[in-house]
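1. Got a predicted structure here, sequence first:
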Amino acid sequence: MFTWLKPAPVAKKQIAIGKQHNVLYKYRLRILISTILAYALYYIVKSDFTLSSPYLTKIDHLTKAEIGLVLSALAVSYGIGKFFMGIIADRLNPRYFVALGLIISSIFNLLFGYTNNYHIMFLLMIGVGVSQGIGAPCCQKSLATWFDEKNLGTATSIWNTSHNIGSGTASVIVGTIVTILGVSNVKNIFLIPSLISIGMAFIVAWIGVDTPESVGLPPIKKEKNENIHHNKTLIALKENVLKNPLVWSMCILNAFSYILRYGIEDWLPIYLSSAKGFNTTSVSIAFSIFEYSAVPGTIILGLLSDKVLSGKRLPIIITTSLIVLLVVPCYMLAHTKLLIMIILSILGICIYAQQVLIGIVIMDVLPIESVASGIGLSGFFGYAFGEVVASYGIGSIVGKTNWNGGFIVVFISAFVCLSFFIYLNRKFNHSI
């Protein structure tokens, strides 16, 4: 029944050597388009609850702690889903698996808009989270399969803008829905993006490709690692991922990086509307600036790590970590809208660049057969630990104290990231 999810077979006819370069370029372009489109759609679905939270507090009378608990359910289920789905994705055709996950996630999200029961909301958000876990491992496996180390940083940085494109577009969609249909009809915030994503999932599957070998091209040569091909999934996971100390280091630091990201992103709508006096339009603009500013910034920094630093990622990660540490207090103290917008653009660039480069380090040190598993494990730490602290933890602290308590958590995370990235840079002698 699900044989279509199995890896595509090796093509019977090989492309002539003289034509391989041009054909490879065209397929790489297809991979970039399909993965960017797929993950942007995943984020349009995933951002719905965050963007609807100010309206849910008014219409369904959810408290900040309850909002945080639902966000935590999404984070934990997404983290768990990302890990286990990553293991599965290493053995399936990412072209179709990523489309299937998008459809399932959209269905759960659609149903979310049709209930006022908090417990059902909680369960549906778990469904959204687990199915969302399919997205990143599939996309990053495809990138690692099609791009060598000299181009992987650039390709992954370009792909990573799909986070921002998706979240920023979600903000525009939600703002438009609220403006046209009103805040009382919250179900449309979940219905319309879900229907769009379900339809686009079929286009994602149509554009995507499995491996170079499946279309008559030779496998991409890797200088640092070869695709080892363990016969059993669990053996590959153990030997390639679980025994790699650098992967574990990146996973733990990814958790702190996610506290930074979601400590800003998850609470941006409520924080700006309640503490800074932003109206609905201004909140949507601010959210979009945080997301969209990272698009050119992340691409440039990824390109820099490839072309200028010869694949070294940590120097850039350290620089972005230092900037975040310095700018977070400014975000807390700023009062003018223009200054807040500028600060959010800086945070968007630095936080997203930090996260994409962490992922690239993991992709650099793992063979292709375990890239999705490594990304899944990293995602588990990021969401099950990092976002839980950022959502439920910060929500509870702010509910009991004030916003200053939440910013202390974010600031400490920024300090931990900076300190340990400097340590890793010294430990590995500037080799990563």
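-> Alright, I've got the coordinates.
2. what bits of the stretch 151-300 of the chain have low per-residue confidence?
-> Applying pLDDT under 70 to the stretch 151-300 of the chain picks out residues 183-184, 222-231.
3. Helices of that one, start to end?
-> 187-207, 233-236, 245-265, 268-275, 280-292, 294-307 (DSSP state H, counting those that start in this stretch).
4. Tell me how far the residue nearest to the spatial centre of the chain lies from R95.
-> Of all residues in the chain, the one closest to the mean position by C-alpha atoms, centre = their mean is H163, 5.7 Å from it. Look at H163 and R95: by C-beta to C-beta, to the nearest Å, they are 21 Å apart. C-beta: built from backbone N, CA, C; applies to glycine.
5. cool, G208 as well?
-> For G208, the distance to R95 - C-beta to C-beta - is 4 Å.
6. list residues touching both of these two?
-> Common neighbours of G208 and R95 (criterion: C-beta atoms under 8 Å, 6 or more residues apart in numbering): S34, S142.
7. nearest to I362, of the helices of the stretch 151-300 of the chain?
-> helix 245-265 (5.3 Å; C-beta to C-beta).
8. hmm, back to that, could you identify which of the helices of the stretch 151-300 of the chain is most buried?
-> Compared across the helices of the stretch 151-300 of the chain, helix 245-265 shows the largest average neighbour count, a mean of 23 (mean count of other C-beta atoms under 10 Å).
9. So which other helices or strands are in contact with that one?
-> Judged by 3 or more C-beta pairs under 8 Å, 6 or more residues apart in numbering; DSSP states H and E, helix 245-265 is in contact with helix 280-292, helix 314-333, helix 337-365, helix 371-380, helix 403-427.
10. which one of the ones you listed is the most hemmed in?
-> Buried most deeply of these, by mean count of other C-beta under 10 Å, is helix 371-380, with a mean of 30.
11. And for the next helix or strand after it, what's in contact with it?
-> Of the helices and strands lying after helix 371-380 in sequence (DSSP states H and E), the nearest is helix 388. Helix 388 has contacts (C-beta under 8 Å, 6+ apart) with S72, A75, V76.
12. so how far is helix 388 off the chain centroid?
-> 15 Å (C-alpha atoms, centre = their mean, to the nearest Å).
13. what mean pLDDT would you report for whatever helix or strand comes next after it?
-> As assigned by DSSP H and E, the chain's next helix or strand after helix 388 is helix 394-400. Across helix 394-400, pLDDT averages out at 83.
14. so what secondary structure elements neighbour helix 394-400?
-> helix 64-89, helix 403-427.
15. Quick one: closest of those helices to P296.
-> P296 lies closest to helix 403-427 among those, at 22.6 Å (C-beta to C-beta).
16. now the angle between helix 314-333 and that closest one, please.
-> Comparing the axes of helix 403-427 and helix 314-333 via axes from the mean of the first three to the mean of the last three C-alpha atoms, to 10 degrees yields an angle of 170 degrees.
17. ok so, going back, can you tell me how far the residue nearest to the centre of the chain sits from P9?
-> Applying C-beta to C-beta to H163 and P9 gives a distance of 33 Å.
18. residues contacting V410?
-> I259, L260, G263, I264, V328, A390, I394.
19. Now for the third one: which residues touch it?
-> G263 makes contacts with V389, A390, I394, G406, V409, V410, S413, as judged by C-beta under 8 Å, 6+ apart.
20. about what we covered before: kindly reformat the helices and strands packed on helix 394-400 as CSV containing distance to L366 and mean pLDDT.
-> What follows is the helices and strands packed on helix 394-400, written out as CSV (distance: least, C-beta to C-beta, whole Å; pLDDT from 0 to 100):
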stretch, distance to L366, mean pLDDT
helix 64-89, 11, 84
helix 403-427, 17, 88
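21. Dump those helices to CSV, plus distance to A372.
-> Listed next are the helices and strands packed on helix 394-400 as CSV, based on distance: least, C-beta to C-beta, whole Å:
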stretch, distance to A372
helix 64-89, 4
helix 403-427, 23
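22. so which of these gets nearest N279?
-> Judging the helices and strands packed on helix 394-400 by C-beta to C-beta, what sits closest to N279 is helix 403-427, at 18.6 Å.
23. Give me the angle between that closest one and helix 337-365.
-> Using the same axes, to 10 degrees: helix 403-427 against helix 337-365 is 40 degrees.
24. can you give me the offset of helix 403-427 from its chain's centre?
-> Distance of helix 403-427 from its chain centroid, counting by C-alpha atoms, centre = their mean, is 20 Å.
25. Okay, now the unreliable bits of the stretch 301-432 of the chain?
-> Using pLDDT under 70, the stretch 301-432 of the chain drops low at 429-431.
26. do that again at 90, thanks
-> 301-315, 317, 334-335, 352-353, 355-357, 359-373, 375-376, 379-380, 382-406, 420-432 (pLDDT under 90).
27. right, and the helices and strands packed on helix 245-265 - which one's nearest L143?
-> The nearest among those, by C-beta to C-beta, is helix 337-365 at 7.4 Å.
28. Who are the packing partners of the closest one?
-> Using 3+ C-beta pairs under 8 Å, 6+ apart: helix 337-365 touches helix 135-146, helix 149-181, helix 245-265, helix 280-292, helix 294-307, helix 314-333, helix 371-380.
29. So which of the ones you listed is nearest S273?
-> helix 280-292 (5.6 Å).
30. Which residues are in contact with S197?
-> S197 neighbours (C-beta under 8 Å, 6+ apart): L41, Y42, I44, V45, L102, I103, S105, S106.
31. Nearest to L418, out of those: which one, please.
-> Y42 (29.5 Å).
32. List the residues that contact the closest residue to G101 other than its chain neighbours.
-> Residue nearest to G101 in three dimensions, not counting chain neighbours: I134, with 2.9 Å by C-beta to C-beta, 6 or more residues apart in numbering. Residues in contact with I134 (C-beta under 8 Å, 6+ apart) are G81, M85, A89, F97, V98, L100, G101, L102, I104, S105.
33. Next, give phi and psi for I134.
-> phi -80, psi -30 (degrees, to the nearest 10).
34. count of neighbours near V388?
-> 24 (other C-beta atoms under 10 Å).
35. how close does it sit to L377?
-> Distance from V388 to L377, by C-beta to C-beta: 16 Å.
36. that older thread, how much space between the residue nearest to G101 and V98?
-> I134 is 6 Å from V98, by C-beta to C-beta.
37. can I assume L314 is in contact with K427?
-> No. Counting by C-beta atoms under 8 Å, L314 stays clear of K427, with 10.0 Å between them.
38. List the contacts of V172.
-> S284, S288.
39. need the helices and strands packed on helix 337-365 in CSV with distance to G113, can you?
-> Listed next are those as CSV, based on distance: least, C-beta to C-beta, whole Å:
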stretch, distance to G113
helix 135-146, 21
helix 149-181, 11
helix 245-265, 21
helix 280-292, 18
helix 294-307, 28
helix 314-333, 31
helix 371-380, 26
